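Kindly return the folded structure for what I paste below:
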Amino acid sequence: MEHVLMATALSSKIKRVRYRISGMDCSKDAAQIERVVHSAEVAPDAVKVSLATHIMTLKVPEVLLPDIEKAVSTTGYLFERIEGEDEAQPEAAHQNPAYRRALWIVVILNVGYGFVEMIGGFFAGSQAVKADALDFIGDGLITFLGLLAIGWSIVWRARSALVQGIFLGILGLSVLATTIWRAVTQTTPDAGLMGLFGFFALVFNVLAVLPLLRFRKGDANMRAVWLFSRNDAIGNAAVIIAAGFVALFGSAWPDLIVALGIAGLFLHSSSSIIRDAQSDLKADA
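Residues are numbered from 1 along each chain as shown. Purely as a prediction, here's the structure:
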């Protein structure tokens, strides 16, 4: 009976609490944070971590917050409670003019090389190189939108994320469609050009990270930068390896398989961002 009364008392004090999470990169990160919150005896429907706005929303009794905060701290992500309707980030590295300049350099490098690699993909006849080029352009444009959204409210950041998600989805579908078409026509790409553009893509990924090195200890958002760079580097390496297999077997399939993999990543990221952005917009409607 005592436990029932306690549970009733706790449920009567349930409130909506939000935290700003720094350093998330993908839906797997959001899911990890939700799992550790569940370990603090929180029901699955009482916590939502948005990949779109990087906001964790809880509907729990205030008394559970210390345990939840302790659990989240074990993930390595930084988090800060949003008091009232205060959505500003006065201490975020994004407010640092030098950091913003570094991000602009990243935007220019990503978009610039993306267009160069896209042209190279047509010359090489490689779907994997074209897909990798779209990855560069997508990263650059998403960073650009992120720069524009600095200081915006959660609603407007969710709208920005929704645009990003739709854009990624369009990229993914375009890569998927053209790759299927190339699978039908079975044109073997130029392995030498594939490997060359894959190598330079890896170089440009390193160059894009260099301007941000000085900020790596000051902001947890840098974790996301390293994860993006790591994922991009894996994609670049996949293009280079695929080029080797194309040269070895004289087949277009290694190129097509890598392109399909990159398209799948685009579509997965797109669906996660769109779903979270829509959820955020409904919650703040």
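
Any stretches of the chain with poor pLDDT?
Along the chain, the parts satisfying pLDDT under 70 run over 1-12, 23-27, 84-96, 146, 149-152, 212-231, 283-285.

where along it do the helices fall?
2-12, 27-38, 65-73, 97-124, 127-148, 154-185, 191-209, 221-249, 253-283 (DSSP state H).

Pick the most buried one from those.
Neighbour counts (mean count of other Cβ atoms under 10 Å) averaged over each of the helices of the chain peak at helix 127-148, with a mean of 23. To be clear about C-beta, it is placed using only N, CA and C from the backbone, and glycine gets the same treatment.

how about the helices of the chain in a markdown table, adding distance to Leu58?
Converted to a markdown table, these look like this (distance: least, Cβ to Cβ, whole Å):
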| stretch | distance to Leu58 |
| --- | --- |
| helix 2-12 | 14 |
| helix 27-38 | 7 |
| helix 65-73 | 7 |
| helix 97-124 | 29 |
| helix 127-148 | 25 |
| helix 154-185 | 15 |
| helix 191-209 | 34 |
| helix 221-249 | 22 |
| helix 253-283 | 12 |
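
Quick check: which of the ones you listed is nearest to Met56?
Met56 lies closest to helix 27-38 among those, at 6.5 Å (Cβ to Cβ).

Between helix 253-283 and whichever strand in the chain runs longest, find me the angle.
Secondary structure of the chain per DSSP state E: the longest strand is strand 14-22. For strand 14-22 against helix 253-283, the angle by axes from the mean of the first three to the mean of the last three Cα atoms, to 10 degrees is 140 degrees.

rewinding a little: with Glu83 as the reference, name the closest of the helices of the chain.
Nearest to Glu83, of all these, is helix 65-73, at 12.8 Å by Cβ to Cβ.

quick revisit: return the set of buried residues in the longest strand of the chain.
For strand 14-22, a neighbour-count test (16 or more other Cβ atoms under 10 Å) marks Val17, Arg18, Tyr19, Arg20, Ile21, Ser22 as buried.

Serialize those to a markdown table and add fields for distance to Gln278.
Shown next, in a markdown table, are these (distance: Cβ to Cβ, whole Å):
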| residue | distance to Gln278 |
| --- | --- |
| Val17 | 21 |
| Arg18 | 17 |
| Tyr19 | 20 |
| Arg20 | 20 |
| Ile21 | 19 |
| Ser22 | 23 |
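
farthest pair in the residues you listed?
Across the buried residues of strand 14-22 (Cβ to Cβ), the longest gap, 17.1 Å, separates Val17 and Ser22.

For Ser50, which of the helices of the chain is the nearest?
That would be helix 253-283 among the helices of the chain, by Cβ to Cβ, at 4.3 Å.

Can you tell me which helices and strands that closest one packs against?
In this structure, helix 253-283 packs against helix 27-38, helix 127-148, helix 154-185, helix 221-249, with contacts taken as 3 or more Cβ pairs under 8 Å, 6 or more residues apart in numbering; DSSP states H and E.

now that helix, how far from the centre of its chain.
Helix 253-283 has its C-alpha centroid displaced from the chain centroid by 10 Å (Cα atoms, centre = their mean, to the nearest Å).

got the angle for it vs helix 154-185?
Using the same axes, to 10 degrees: helix 253-283 against helix 154-185 is 160 degrees.

tilt between helix 253-283 and helix 97-124?
Using the same axes, to 10 degrees: helix 253-283 against helix 97-124 is 140 degrees.

orientation of helix 253-283 relative to helix 27-38 in degrees?
50 degrees.

What strands flank the longest strand of the chain, and is each parallel or antiparallel?
Strand 14-22 has these partner strands in its sheet, going by DSSP bridges: strand 55-61 (antiparallel), strand 78-82 (antiparallel).
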